[in-house]
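# just a sequence and a predicted model for now, questions to come.
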Amino acid sequence: MRTREKIIVAVVVLPLAVFTAFTVGVAYYITRPPRVFPGIPQAVLEQKIRDEHTLATASDVQTKVPPAALEEIVSETRGLAGTELHTAEGRRAICIRLFRGAGFEPVVTGEGDVLAIKQGLTTDYVAVGAHYDKVGGSSEGILDNLLGCVLVSKVAKALKEESTNYTYAFLAYGDEEIGRKIGTATSGYRSGHGQRPTYVVEIDYVGDKDAELGGRWISPRAGRFLRTGIKIVTYPMPDPWKIHTERDNVSNVDFGRAYLAYKTVISLIEGIEGGAGLKPPDTVNFWRKDKPLLGPRPAVSQPVP
């Protein structure tokens, strides 16, 4: 190839090829159809560019496992008012009652975490949890995060009589507000089983009537103790204006949004049980329409002999 032809290729042809490939890639990213993904309403999977403001509701999430009635969650949460809300011991006692009401006899670990176990066909397990502690002061800590504990107990109740491949460790743990993580809390179960959870689903600050329900994925590098973490939280985060104030009380709960979070967790668990891959690529919003979730299909555990 002559020098002049080499210059034309380098200056014209190659940049044009790169630009064309980039344009085609961007066009595909914008127009690609949404994937059906377990646990996420189809309305939510629609791409943000098409209709940013279409909201999903609990009725968009269909589950095979019958969920607890919305009225049950409302009644349970409204009954939390009282002096127990303002001490760690009182909030722990509330969680013990919640799990007993779900049909379990929970144990309290040496760290003060409340733990209920549903045995599956394998020793591989999924942790489903929420923190029960709150910041000091006048906040009742309903949104952050006793409502999350109510929802975890209702997930436990829904799964109690179901046959599951995975064992489930349902837990309410303390000291999150001073930096403790759910990965540490799972050690109360791990210590007797010598393994880490395959998945962790954490519920934190859902149901704020002035915010939106979102899903924040925890990176395995940040969590370190798990293959995949899924955190169901309020969007926008990290600082909704009511958080850690006296406005965090039952009067500011939107139970419809809390129920959407609850049914989403059940549906995600059904996806896990069905062998659907879950992977934390980035933040995913479950309330507005957003981009599809992606993830490989993991190997399904084999039953214990």
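Cool, the structure landed.

# how near is residue 196 to residue 128?
15 Å (C-beta to C-beta, to the nearest Å). C-beta coordinates here come from the backbone N, C-alpha and C atoms, glycine included.

# what do you get for residue 92?
18 Å.

# please identify which of the two sits among more neighbours.
Using other C-beta atoms under 10 Å as the criterion, residue 92 and residue 128 rank with residue 128 on top: 29 against 21.

# below-threshold pLDDT in the stretch 151-300 of the chain: ranges please.
Where the stretch 151-300 of the chain drops to pLDDT under 70, the residues are 191-194, 211-240, 276-300.

# which stretches in it count as strands?
167-173, 199-204, 212-218, 228-235 (DSSP state E, counting those that start in this stretch).

# who does the second one touch, helix- and strand-wise?
For strand 199-204, the contact count by 3 or more C-beta pairs under 8 Å, 6 or more residues apart in numbering; DSSP states H and E identifies strand 125-131, helix 147-159, helix 182-185, strand 228-235, helix 255-273 as packing neighbours.

# end-to-end on stretch 244-264?
Using C-alpha to C-alpha, to the nearest Å, the end-to-end distance of stretch 244-264 comes to 25 Å.

# may I see the buried residues of that stretch?
244, 247-250, 252-255, 257-264 (16 or more other C-beta atoms under 10 Å).

# same check, this time on stretch 76-95
76-77, 80, 85, 91-92, 94-95.

# pLDDT, distance to residue 113 and secondary structure added to those, as CSV?
Formatted as CSV, the buried residues of stretch 76-95 follow (pLDDT from 0 to 100; distance: C-beta to C-beta, whole Å; DSSP: H, G, I helix; E, B strand; the rest coil):
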residue, pLDDT, distance to residue 113, secondary structure
76, 94, 20, helix
77, 96, 21, helix
80, 89, 19, coil
85, 94, 18, helix
91, 97, 12, helix
92, 97, 9, helix
94, 97, 14, helix
95, 97, 9, helix
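
# and which of these is nearest to residue 106?
Nearest to residue 106 among those is residue 95, at 7.6 Å by C-beta to C-beta.

# ok, now how distant is that closest one from residue 89?
In terms of C-beta to C-beta, residue 95 sits 11 Å off from residue 89.

# quick one on the thing from earlier: between the helices and strands packed on strand 199-204, which one is nearest to residue 112?
Across these, closest to residue 112 is helix 182-185 (C-beta to C-beta), at 9.6 Å.
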